[in-house]
Structure formats: structure tokens, C-alpha cells
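Student: Just need the structure, nothing else, for what follows:
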Amino acid sequence: MSSLAFQNIFRYLRSPLSVRANALTILFTLTLSLMALCTYSLAGDTQIIGPEVTFQDNQIHVTASLSLNEKSLQELRNGVTKELKFNIDLFRVWKMWPDEFVIGKFFVRTLKTDPVTTEYKATSSDGNTIVQKKFKSFESMLQWALLINDVKLANIKDLEQGSYFVRVTVESKIRKLPPVIGYFMIFLPENEFRIVKDSPYFPLGTRK
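Tutor: You can find the predicted model right below:
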């Protein structure tokens with residue numbers, strides 16, 4: 001470390017507490033802004049389509065899909081593995097209180113492409129069951145892996161009367177960095193992107 005750097009550190013330590021607190025506040029604010037900007041720019045035009053909520057045989061059925069941006073699609077074509085976590089959650093609406101989480105399900109979808117052999121593989125896990133599939137084309141892999149189709153979320157008879165909505169959250173983790181680089185990048189976001197979309201409100205349930 002240079003003598004100039006030591007001098008700057010010494011001046012900082014000798015500065016009044018209020019000055020140091022203001023400096024830390026500014027640094028923290030800039031860090032949060034950078035994190036938000038990075039997450040947004042990485043997400044780009046990636047968006048959730050849906051969620052579509054239907055009711056059949058006293059069950060709430062949810063269908064939703066993910067549309068990836070061109071950057072993510074190109075990375076997949078180049079052989080970069082993508083791991084996507086889908087959360088499908090049911091919330092009850094309260095006027096004077098925060099919305100109440102009722103029940104949820106999740107799916108982890110992993111997409112792998114070998115650009116040399118043009119092999120396309122994807123897996124889906126819900127915490128209990130793992131499904132592995134091979135595909136003949138890049139498009140068919142996307143169609144299967146990015147779709148959450150007709151998931152049974154809850155039994156209407158088990159719900160109290162009220163207004164509800166379904167929230168779909170999709171997260172894509174950033175690839176693991178080498179240990180040395182990761183140590184110096186602790187303020188960067190862990191997610192490549194995280195997007196959320198809610199369904200319209202709908203009335204459900206019976207009086208108890």
C-alpha cells in the first residue's frame with residue numbers, strides 16, 4: 001500500500017465521528033444503488049407471463065411462464081448453465097395489515113446446453129421429485145423448462161373467506177465466482193435477476 005493511501009486512512013480515522021458516519025452513509029447508499037442498477041440491467045426484458053389463475057374441483061390452479069432476455073438466451077446457447085427458481089405463493093389481502101402468506105410451492109429448473117454436441121438438457125425439482133429431460137432443440141427445452149403449467153396450489157375449502165392473489169417470483173443466481181474475486185465483491189447482488197409479478201385479486205373461501 002502506498003504512503004498516500006496510509007495518509008488517507010490516517011486522516012479518515014482522525015476525522016470527527018459525524019464525518020465518518022456521513023461518509024459511511026454515502027458509501028452504503030451508493031452500494032445499494034449499484035446493486036439495484038446491476039440487478040435491473042441484468043434482468044433487462046426478462047419478464048413473467050401470467051400468472052393465470054383458474055379454479056377446478058375446489059382447487060386453485062396456476063400457470064405462468066418466463067420469457068428470458070436475449071443476453072440470457074445467448075449465454076445458454078454458448079453453454080452457460082442457468083438455474084432458475086420459481087416460487088408460486090398464495091397471499092390473503094388485508095386492508096390494514098401486510099398481505100398474509102398462506103401457502104406456496106417452488107420449482108428449481110436447471111438448463112444446460114452443449115454447443116459442441118448440440119445437446120439440450122433440463123431438470124426440474126420441487127424438493128421431493130427430480131425430473132430430467134433431454135431435448136432435440138433449444139426451443140423445446142425452453143418451452144418445457146420456462147413453463148410452470150397448471151400447478152395445484154391450494155384447496156378452496158381450506159381457505160377462510162377473503163380476497164386473495166397469487167404471486168410468482170423468479171430468481172436466477174449468478175454463477176459462482178472464484179474465491180479470491182468473490183471476497184472482494186461482497187456487495188454485489190447474489191441474483192442475476194429477481195422478478196416478481198402478482199395476479200389480480202380474487203374472492204375465495206368460506207366463513208368459519
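Student: can you give me the helices in this protein?
Tutor: For the chain, applying DSSP state H gives helices covering 3-14, 17-43, 70-77, 138-145, 179-183.
Student: ok, for G50, nearest residue in space, not its chain neighbours?
Tutor: A64 (3.6 Å; Cβ to Cβ, 6 or more residues apart in numbering). C-betas here are computed from N, CA, C, even on glycine.
Student: pretty sure the one you found is touching Q47, no?
Tutor: No. Using Cβ atoms under 8 Å, A64 makes no contact with Q47, being 10.8 Å away.
Student: any residues in contact with both of those two?
Tutor: Residues touching both A64 and Q47 (Cβ atoms under 8 Å, 6 or more residues apart in numbering) are K197.
Student: can I see the domain layout of this protein?
Tutor: Here the domain parsing of the chain from automatic domain parsing is 1-43, 45-204.
Student: Look at the last one and report the distance between its end residues.
Tutor: Which is domain 45-204. 33 Å (Cα to Cα, to the nearest Å).
Student: N69 is in contact with D45, isn't it?
Tutor: Yes. N69 is within contact range of D45, at 4.5 Å (criterion: Cβ under 8 Å).
Student: Point out where this protein drops to low pLDDT.
Tutor: For the chain, applying pLDDT under 70 flags the ranges 1-44, 174-191, 206-208.
Student: any idea where the strands of it begin and end?
Tutor: Taking DSSP state E as the test, the strands found in the chain are 47-56, 59-67, 82-92, 100-114, 119-125, 130-135, 147-155, 162-173, 191-198, 202-204.
Student: Which elements pack onto the first one?
Tutor: It stands for strand 47-56. Strand 47-56 sits against strand 59-67, strand 162-173, strand 191-198, with contacts defined as 3 or more Cβ pairs under 8 Å, 6 or more residues apart in numbering; DSSP states H and E.
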